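Novice: quick one: sequence plus predicted model below, questions after.
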Amino acid sequence: MNTQEDREKAHRMVEAGARLVDVRTPQEFAGGHLEGAVNIPLQELPDRLQEIGPPQTAVVVYCAQGPRSAMAERFLRTQGFADVHNLGGMKTW
């Protein structure tokens with residue numbers, strides 16, 4: 001997908017109730033984040049899955065540039081989350 005399609009899909013998913021997850025560090029999150037996002041740093045994701053919800057929960061993940069959110073997307077899929085969208089970098093929003 002291109003950036004415009006990523007942005008539109010992410011907005012549609014969040015409007016429909018998807019969980020918006022920022023996988024950056026707490027310091028990055030404190031410096032600014034997308035409204036409504038929950039901060040679950042990538043390295044903490046395995047221990048904090050319950051904060052996202054059950055595997056049928058739709059999830060939109062993002063980070064600063066895209067690599068961490070791509071890793072988060074892959075991990076969530078291995079945990080049974082089927083409806084996961086990697087927004088990439090926060091600026092894509």
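Specialist: Cool, the structure landed.
Novice: three-state assignment of Gly80?
Specialist: With DSSP: H, G, I helix; E, B strand; the rest coil as the basis, the three-state label of Gly80 is coil.
Novice: just confirm it contacts Pro55, I think it does.
Specialist: Yes. Here Gly80 reaches Pro55: they are 3.7 Å apart, a contact under CB atoms under 8 Å. In this view, the C-beta of every residue, glycine as well, is placed from N, C-alpha and C.
Novice: so those two - more neighbours on which side?
Specialist: Pro55 (15 against 10; other CB atoms under 10 Å).
Novice: how close does that one sit to Gly32?
Specialist: The gap separating Pro55 from Gly32 is 30 Å, by CB to CB, to the nearest Å.
Novice: ok, Leu49 next?
Specialist: From Leu49 over to Gly32 the distance is 25 Å, taken as CB to CB.
Novice: helices along this protein, start to end?
Specialist: For the chain, helices defined by DSSP state H occupy the ranges 3-15, 26-30, 67-78.
Novice: any idea which of the ones you listed has the lowest pLDDT on average?
Specialist: Sorting those by mean pLDDT places helix 3-15 lowest, at a mean of 91.
Novice: quick one: that helix to chain centroid distance?
Specialist: 12 Å (CA atoms, centre = their mean, to the nearest Å).
Novice: and that helix, what does it pack onto?
Specialist: Here helix 3-15 touches strand 59-63, strand 84-89, going by 3 or more CB pairs under 8 Å, 6 or more residues apart in numbering; DSSP states H and E.
Novice: for Glu5, find the nearest of these.
Specialist: Nearest to Glu5, of all these, is strand 84-89, at 10.4 Å by CB to CB.
Novice: the closest one versus helix 67-78: what angle between them?
Specialist: Relative orientation of strand 84-89 versus helix 67-78 (axes from the mean of the first three to the mean of the last three CA atoms, to 10 degrees): 180 degrees.
Novice: how far is strand 84-89 from where the chain is centred?
Specialist: That offset, for strand 84-89, works out to 6 Å (CA atoms, centre = their mean).
Novice: stretch 68-80 too?
Specialist: Counting by CA atoms, centre = their mean, stretch 68-80 comes out at 9 Å from the chain centroid.
Novice: list the buried residues in it.
Specialist: Buried residues in stretch 68-80, counted by 16 or more other CB atoms under 10 Å: 68-69, 71-73, 75-76.
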